[in-house]
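>>> predicted model and sequence below, questions to follow.
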2 protein chains.
Amino acid sequence: MRSTMQDVPLSIGDLVRYGTTVHGDAQVVTWTGGEPRRATFREVGRRAARLAHALRELGVTGDQRVATFQWNNQEHLEAYFAVPAMRAVLHTLNIRLHPAQIAYIANHAEDHVVIVDASLLPLFEPLLPRLTTVRHVIVAGGDPGGLAAEGVRVHRYEELIADRPDTFDWPSGDERDAAAMCYTSGTTGDPKGVAYSHRSIWLHSMQVCMTDGKGLRQSDSALAVVPMFHAMSWGLPYAALMVGASLLLTDRFLQPAALADMVQAERPTLAAAVPTIWQGLLQELEARPRDMSSLRNVVVGGSACPPALMQRFEELCGVAVVHAWGMTETSPLGSVANPPAGSEGEERWSYRLSQGRLPASVQARLVGDGGAEVPHDGKSVGELLVRGPWITGSYHRDPAPDKFEDGWLRTGDVGSLSPDGFLRLTDRAKDVIKSGGEWISSVELENQVMGHPAVAEAAVVAVPDPRWDERPLAAVVLAEGASADAAELRAFLADRVARWQLPERWAFIDEVPKTSVGKYDKKALRARYAEGELKVVEARD
Amino acid sequence: MRSTMQDVPLSIGDLVRYGTTVHGDAQVVTWTGGEPRRATFREVGRRAARLAHALRELGVTGDQRVATFQWNNQEHLEAYFAVPAMRAVLHTLNIRLHPAQIAYIANHAEDHVVIVDASLLPLFEPLLPRLTTVRHVIVAGGDPGGLAAEGVRVHRYEELIADRPDTFDWPSGDERDAAAMCYTSGTTGDPKGVAYSHRSIWLHSMQVCMTDGKGLRQSDSALAVVPMFHAMSWGLPYAALMVGASLLLTDRFLQPAALADMVQAERPTLAAAVPTIWQGLLQELEARPRDMSSLRNVVVGGSACPPALMQRFEELCGVAVVHAWGMTETSPLGSVANPPAGSEGEERWSYRLSQGRLPASVQARLVGDGGAEVPHDGKSVGELLVRGPWITGSYHRDPAPDKFEDGWLRTGDVGSLSPDGFLRLTDRAKDVIKSGGEWISSVELENQVMGHPAVAEAAVVAVPDPRWDERPLAAVVLAEGASADAAELRAFLADRVARWQLPERWAFIDEVPKTSVGKYDKKALRARYAEGELKVVEARD
């Protein structure tokens, strides 16, 4: 039997129409280092309409890709509003990738237009000749200088959108059409494109606004530290449009001192960033305190947050840091670590330190070696597979069959699921250390080593071992002025993890190599070891 | 361009699977007058699986309608879980309607099975012979007695579900399939069936859990006073399943004293009911105080809540009463009166007394006399039309073309929309008083008259007038022991509304006639006036 419900497609056009009228007074504040730039959703909506008219004229009449090469700022938000709402596809380029990767991505996505921040021209200019499908470059927030390439027209953003109508009749369409794209910056193989739909973005936005999601609401002001080119800034811009939350955008000012100033001056209520950002902010605040009292919700994701960081942040800022897990392929909101009602003390901490509870819209399975189903008992460990309306089921023009199984996404993350739906990741599938048939979590070892007062950072990777197949190698960065040797660190660990998991190989390094999004680059570390570039110290009983 | 997102249909089966495992510990408490009955979502899920197996055996193999004739209780919730999850259609019958209407509705929906509470058999028994499509009656919570009819098999609920598997492989399907039905109890014409889809219920549940919706969350315990046969108990059961909120169910104990006892004993955090329920509870609490401190969110809807009631409730219970607007046709959540950030004092009250802000998923238009579009300026008044994925676009097997326009639902409600999306209803379209080309709000007059200390209740209706076409008639119920005459009430009103709106006709009555869902039955009042049954007093200047 058919329902009698209206068949209304979920559509970013409707979202933009709603958010820029009903919530027309919501604020968009862009940090400039000096006086912040301020606009309302109403104004951003009008400029987005003008941008859409301009893009139509540049040949964006269908589902062409309009790329952005921008910081988090008002013009980037205007592209977020305009491009999907006009039924083209917003493609956020990750400015931190290697130029060859960026070129690969833009060409693979067949970007027709790129909007570039003037402040990023030094990065973009050498890139432009390699972009084979781009016909128009629009430079925002400054002068294009001598930017030029064959077959490419260069425009100034403000000139291009000037004198155009400030309304646009945002069309509707199939809710499964692509609305926005983001490529994963995986450390292996070519980058892979995820194309979000109007439907997935709408549903994901609702989840972000659910009280047990991130609880975003009209009275919030959200500091989006997480880049708008990184998994849609974790969904904050569209969720803000949905409920009328204000947005505080960092532009290029991601230095700890700038972030601390921003919070003190603009008083955001919610903030979202990866642990390294919070780590930096914390050090800044220890040195030069600021007023952080406006924050009621601090979301940390992208990688696991060390417990010590969570605790210290809470002591200093009086706000609980909430763990969330997700990835580009999951829009990204997967799970949020809101502890269950009634949990207290250590149990509560155990929930908070997990990756969080998966919501109804994200189904999960665990699969072990050989594809066997792993029970959700909170102990058994397997690779996490997920399914749901905002989870990718393929990559754009890239079959990658090993990433999917029966329509489920293989996340490449390894961990356990408790009966009450909490995810506890122990590792990336490729980082897990397979020692004599048992799995050792590299992340668990890292967290324990980092608990030693002399250790600033630690990364643990698998290295080949003739007897055990693989064994852990611990690469340690000592805190400034501190000293500790391998024997001491191994003894410290011995009280905390199983004996057979203790690393025999230790290396003291100046810095852990990191990927473009700030995660430990373990591939690089393993390569350095393989090439004999690491000075390894042996420590055994 | 197609997105790469998984094509996962929204499905009640997935919701039940999720809620009864991940949130398996959530509580379902059914009030009994004595020791409450307690079960977990896990247990309810197992019993729902057993019920589904039993229904399969009774011929529910496709989209047959399984009706309920039940109070809010655990067995009713089991039907809520089982019937849509097995891809049949749950049809909640309104026990408060006239038997002829109930028979019309059950026959029109072609109900195959009815689940009946034993406590409702006295109401149901005379009805049964009139139900032409029903083949099975399942009696829950007691003995069927001598219940019998030709061609109908009568079952005992517990016997029927005993010895069946307590898991069921809930199937998936098209998300636009009907999942549940509810007929409107309109005061004119035949009742009309609204069929909710798996999609609409899922999206609506997310809205209920959005912080700016009702903010339902895992740590909540929701007292669903609003009947499960009345617009799906405002969406609370499925929303609870989505986030694992516990449910407190009243069964037949809707008396103010029982409700007060329930809140004190079971400590719900959220409660939802129509104003008359809160009015009764308030009087009970004035007489015999109870501990209401567990409540953090009290939702009032169904009809406008008198400001005095909101204020007194807050003084007495220390919790803000939140206005919400909706109707069977809107699933029902339309708008919720969360005042915008920063609003204070009178402005804040004005927001709180409105019907609330419409969310992104509910688009709104206002249409005036002759179909002209009315601006959203907070002043201009028109009939409200709505559109969205959980708004009905038709009635089940009933064309009713005058209820729809270009796919939008004509709500029959009259009011204004502010630029910031707040709805302020002044009347039902059919209750508005059209006096000399101007519209007079009957509700506005009622609220003002009810502000007089001698008035307990007041209903205002349009009556024919030779000069002005229509004029208001005020029907007043005086408070016990109080006295006031028409001249005094008119003088009181004169300070509060425009002179030309003052009623000339007054009637003092013992009780305002009400519909089955507790709303003023203005049709009945107009009929009484037309038939000369009201003793009318004239009052003029």
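Received the coordinates, thanks.

>>> anything in stretch A:392-401 near chain B?
Yes: counting by C-beta under 8 Å from any C-beta of the partner chain, chain B is contacted by stretch A:392-401 at A:Thr392, A:Gly393, A:Ser394, A:Tyr395, A:His396. Quick note: C-beta positions are derived from backbone N, CA and C, even for glycine.

>>> just the endpoints, please. Distance across that stretch?
13 Å (C-alpha to C-alpha, to the nearest Å).

>>> least confident secondary structure element in chain A?
strand A:438-440 (a mean of 75; mean pLDDT, DSSP states H and E).

>>> identify the residues contacting A:Gly415.
A:Gln355, A:Leu366, A:Val381, A:Gly382, A:Leu384, A:Leu423, A:Arg424, A:Leu425, A:Thr426, A:Asp427 (C-beta atoms under 8 Å, 6 or more residues apart in numbering or on different chains).

>>> that older thread, just the buried residues of the residues of stretch A:392-401 next to chain B.
A:Thr392, A:Gly393, A:Ser394, A:Tyr395, A:His396 (16 or more other C-beta atoms under 10 Å in any protein chain shown).

>>> of these, which pair is most distant in space?
Across those, the longest distance by C-beta to C-beta is 11.5 Å; it joins A:Gly393 and A:His396.

>>> okay, and the common contacts of the two?
B:Thr4.

>>> what mean pLDDT does stretch A:420-437 have?
Across stretch A:420-437, pLDDT averages out at 84.

>>> how far does that stretch sit from its chain's centre?
20 Å (C-alpha atoms, centre = their mean, to the nearest Å).

>>> ok, now which ones touch the residue of the stretch 51-200 of chain A found nearest chain B?
When distances are taken as C-beta to the nearest C-beta, the stretch 51-200 of chain A reaches nearest to chain B at A:Ser197, 3.4 Å away. Contact analysis of A:Ser197 by C-beta under 8 Å, 6+ apart lists A:Glu175, A:Arg176, A:Asp177, A:Ala178, A:Ala179, B:Ser3, B:Met5.

>>> one more time with 10 Å, if that's ok
Going by C-beta atoms under 10 Å, 6 or more residues apart in numbering or on different chains, A:Ser197 touches A:10, A:12, A:84, A:174-180, A:203, A:331, A:389-390, B:1-7.

>>> next one: A:Ile12
Residues near A:Ile12 by C-beta under 10 Å, 6+ apart: A:19, A:80-87, A:90, A:170, A:172-173, A:175, A:177, A:179-180, A:196-198, A:201-202, A:205, A:238, A:241.

>>> that one and A:Ala52, how far apart?
A:Ile12 sits 12 Å away from A:Ala52, going by C-beta to C-beta, to the nearest Å.

>>> what does A:Val44 give?
Going from A:Val44 to A:Ala52 by C-beta to C-beta gives 12 Å.

>>> now swap in A:Ala320 and tell me
In terms of C-beta to C-beta, A:Ala320 sits 40 Å off from A:Ala52.

>>> so if I had to pick from these two, which one is more boxed in?
A:Ala52 (30 against 16; other C-beta atoms under 10 Å in any protein chain shown).

>>> quick one on the thing from earlier: identify the contacts common to A:Val44 and A:Ala52.
A:Val16, A:Glu78, A:Phe81, A:Ala82.

>>> in the residues you listed, find the pair that's most separated.
Pairwise over these, using C-beta to C-beta, the maximum falls at A:Val16 and A:Glu78, 10.5 Å.

>>> mutual contacts of the two, please.
A:Val44, A:Gly45, A:Ala48, A:Ala49, A:Ala52.

>>> tell me the contacts of the last one?
Neighbouring residues of A:Ala52 by C-beta under 10 Å, 6+ apart: A:13, A:16, A:60, A:66, A:78-79, A:81-83, A:85-88, A:161, A:164-165, A:167-170.

>>> which of the residues in the host helix or strand of it are buried?
Per DSSP states H and E: A:Ala52 is located in helix A:41-57. Residues A:41-55 are the ones in helix A:41-57 that count as buried (16+ other C-beta under 10 Å).

>>> go on, stretch A:85-100?
Neighbour-count burial for stretch A:85-100 [16+ other C-beta under 10 Å]: A:85-97.

>>> what do you get for stretch A:4-22?
Buried, per 16+ other C-beta under 10 Å, within stretch A:4-22: A:4-6, A:8-20, A:22.

>>> next: stretch A:483-502.
Result for stretch A:483-502 [16+ other C-beta under 10 Å]: buried residues A:Ala484, A:Ala486, A:Leu489, A:Arg490, A:Phe492, A:Leu493, A:Val497, A:Gln501, A:Leu502.

>>> now for those residues: which two are most distant?
So, the buried residues of stretch A:483-502 by C-beta to C-beta: farthest apart are A:Ala484 and A:Gln501, at 19.2 Å.

>>> coming back round to it: of the buried ones among the residues of stretch A:392-401 next to chain B, closest to B:Met210?
Checking these against B:Met210 with C-beta to C-beta, the nearest one is A:Thr392 at 24.3 Å.

>>> which residues does the closest one bridge with?
For A:Thr392, the beta-bridge partners are B:Met5 (DSSP bridges).

>>> tell me the contacts of it?
Applying C-beta under 10 Å, 6+ apart, we find A:Thr392 in contact with A:184, A:192-196, A:200, A:327-331, A:386, A:403-404, A:409, B:3-6.

>>> pretty sure A:Leu534 contacts A:Leu525?
Yes: counting by C-beta atoms under 10 Å, A:Leu534 does reach A:Leu525; the two are 7.8 Å apart.

>>> residues shared between the contacts of the two?
By C-beta under 10 Å, 6+ apart, the residues touching both A:Leu534 and A:Leu525 are A:Val461, A:Val463, A:Leu473, A:Ala475, A:Ala507, A:Ile509.

>>> select only the buried ones of the contacts of A:Ser197 in ChimeraX?
Only the buried entries of the contacts of A:Ser197 go into this ChimeraX selection, using 16+ other C-beta under 10 Å:
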select /A:10,12,84,175,176,177,178,179,180,203,331,389,390 /B:1,3,4,5,6
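
>>> that older thread, nearest to chain B, of the shared contacts of A:Val16 and A:Glu78?
A:Gly45 (13.2 Å).

>>> give me the pLDDT for the nearest residue to the closest one once chain neighbours are set aside.
In space, and not counting its chain neighbours, A:Gly45 is closest to A:Thr20: 2.7 Å by C-beta to C-beta, 6 or more residues apart in numbering or on different chains. pLDDT for A:Thr20: 98.

>>> A:Thr187 too?
A:Thr187 is given a pLDDT of 54.

>>> can you check A:Asp291 too?
On the pLDDT scale, A:Asp291 gets 96.

>>> for stretch A:230-244, the averaged confidence score.
Here the average pLDDT along stretch A:230-244 is 97.

>>> cool, and stretch A:525-541?
pLDDT averaged over stretch A:525-541 gives 89.

>>> cool, stretch A:252-263 as well?
What stretch A:252-263 shows for mean pLDDT is 96.

>>> could I get the full set of strands for the stretch 51-200 of chain A?
For the stretch 51-200 of chain A, applying DSSP state E, counting those that start in this stretch gives strands covering A:65-69, A:89-92, A:111-117, A:136-140, A:153-156, A:178-184, A:192-197.

>>> whoops, the stretch 301-450 of chain A was the one
A:321-326, A:333-336, A:356-357, A:363-367, A:382-387, A:404-405, A:408-417, A:422-428, A:433-435, A:438-440.

>>> paired strands for the least confident helix or strand of chain A, with orientation please.
Using DSSP bridges, strand A:438-440 pairs in its sheet with strand A:433-435 (antiparallel).

>>> give me the contacts around the partner strand.
By C-beta under 10 Å, 6+ apart, the residues outside strand A:433-435 that reach it are A:369, A:427, A:439-442, A:445, A:460-463, A:465, A:467-473, A:500-501, A:503.
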